[in-house]
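Student: Show me how the following folds:
(one chain, ligands or ions: 1)
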Amino acid sequence: MVDNQEPKVVVEGLSIRFRLSYDKAFTTAGRMRQMAKRVIRSNPPELFTALEDVSLAAESGDIIGLIGPNGSGKTTFLRAVSGIYRPDAGTVAVSGRLSTLLSLGTGFDNNLSGHDNILLSGLLIGMQPAEIESRVPEIVAFAGVEEFIDVPMKYYSSGMISRLSFAIVLSMEPDVVLIDEVFSVGDLAFKKKSEAAMHDMLSRASIQLIVTHDLSLVRDHCNRAVMFRGGRVVEEGDPADVVSSYEKWSADRG
Ligand SMILES: Nc1ncnc2c1ncn2[C@@H]1O[C@H](COP(=O)(O)OP(=O)(O)OP(=O)(O)O)[C@@H](O)[C@H]1O
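Tutor: You can find the predicted model right below:
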């Protein structure tokens with residue numbers, strides 16, 4: 001990630017492949033047989049191509065809706081942009097502070113306290129330590145974890161982890177935000193107060209990449225849309241056009 005530059009996301013010729021062989025054997029005995037076979041015959045693991053030769057460029061002001069059927073590669077794409085997956089081919093370059101609303105809590109170190117994880121999260125997106133410290137009280141209060149803030153996160157409930165994770169993302173000022181679907185975080189009361197904070201955070205971000213099945217969100221909120229199918233980008237452009245192609249394609253399939 002490069003800081004102090006105009007926010008930008010440039011993905012060129014991205015391919016991501018997963019090893020499948022291990023996942024196919026559900027029992028321990030099955031997995032052992034597979035490993036033994038591989039060692040004896042030196043079989044290469046079976047690879048599944050989740051993304052093939054995908055390119056996309058986003059600049060300041062872009063709110064891009066990523067749409068397509070289940071399993072078409074949308075989440076994998078966001079994960080590759082966020083750096084969770086390394087490209088098997090192609091390149092991913094992000095300039096600016098990147099923040100993700102993918103799987104909440106994935107970046108935490110469970111042996112560290114909530115407080116230390118807040119610091120870590122801020123440092124990871126390039127904030128200065130003093131800047132992060134100044135936001136700690138507001139984050140802790142928003143997440144409602146005051147009593148537990150110095151306790152290692154392995155003792156947090158899953159609701160507390162996602163509330164803290166969400167509060168951190170909302171309090172930061174990212175340039176690029178990656179969002180996977182609409183999340184449901186915490187209980188009803190938390191959901192209500194987080195909605196307004198989320199809109200506020202998003203209104204300040206320069207670039208948003210949003211994976212969603214909510215086509216009216218794409219039509220109303222995005223300035224560009226990209227349709228994935230079978231791990232490839234098959235159409236890109238004006239949201240209304242891309243959404244209607246997708247609707248037509250879905251209707252034709254029955
Ligand atoms: N870690 C993994 N190992 C093996 N296969 C994977 C892995 N992650 C994703 N896949 C496969 O890659 C393909 C693309 O998955 P992905 O989650 O990116 O699809 P998606 O378009 O986001 O789908 P959805 O709309 O259902 O969320 C799917 O076939 C999925 O099974």
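Student: Now the element after the helix ranked longest in the chain, going C-ward?
Tutor: The longest helix of the chain (DSSP state H) is helix 188-204. Per DSSP states H and E, the first helix or strand lying C-terminal to helix 188-204 is strand 207-211.
Student: Flag every buried residue along that following strand.
Tutor: Across strand 207-211, burial judged by 16 or more other Cβ atoms under 10 Å covers Ile207, Gln208, Leu209, Ile210, Val211. (C-beta placed from N, C-alpha, C; glycine too.)
Student: hang on, the earlier thing: send the alpha carbons of the longest helix of the chain over as CSV?
Tutor: Only the C-alpha atoms of helix 188-204 are listed here, as CSV (Å, rounded to 0.1, in the frame of the first residue of the first chain):
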residue,chain,number,x,y,z
LEU,A,188,-30.6,-4.7,16.9
ALA,A,189,-29.6,-1.6,19.0
PHE,A,190,-26.0,-1.9,17.7
LYS,A,191,-27.2,-2.3,14.1
LYS,A,192,-29.2,0.9,14.3
LYS,A,193,-26.4,3.1,15.6
SER,A,194,-23.9,1.6,13.2
GLU,A,195,-25.9,2.3,10.1
ALA,A,196,-25.5,6.1,10.4
ALA,A,197,-21.8,5.8,11.3
MET,A,198,-21.2,3.6,8.3
HIS,A,199,-22.8,6.1,5.9
ASP,A,200,-20.7,8.8,7.4
MET,A,201,-17.5,6.8,7.0
LEU,A,202,-18.4,5.8,3.4
SER,A,203,-19.2,9.4,2.4
ARG,A,204,-15.6,10.3,3.2
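Student: who's in contact with that helix?
Tutor: 142, 144, 163, 166, 169-174, 177, 184-186, 208 (Cβ atoms under 8 Å, 6 or more residues apart in numbering).
Student: Just the closest of the residues you listed to the ligand, please.
Tutor: Closest to the ligand out of the contacts of helix 188-204 is Ser184 (15.0 Å), distances taken as Cβ to the nearest ligand atom.
Student: Just the strands from the stretch 51-200 of the chain, written as ranges.
Tutor: Secondary structure of the stretch 51-200 of the chain, counting by DSSP state E, counting those that start in this stretch: strands at 63-67, 89-95, 98-101, 176-180.
Student: out of those strands, which comes closest to Asp53?
Tutor: Of all those, strand 89-95 sits nearest to Asp53, with 7.2 Å by Cβ to Cβ.
Student: which other helices and strands contact that closest one?
Tutor: strand 8-19, strand 47-59, helix 74-82 (3 or more Cβ pairs under 8 Å, 6 or more residues apart in numbering; DSSP states H and E).
Student: sorry, back to before: pLDDT on the longest helix of the chain, on average?
Tutor: Helix 188-204 shows a mean pLDDT of 77.
Student: Ok, stretch 13-30 next?
Tutor: 75.
Student: With stretch 55-75 instead?
Tutor: pLDDT averaged over stretch 55-75 gives 96.
Student: Could you point out which of the contacts of helix 188-204 is nearest to Phe228?
Tutor: The closest of the contacts of helix 188-204 to Phe228 turns out to be Gln208 (Cβ to Cβ; 17.0 Å).
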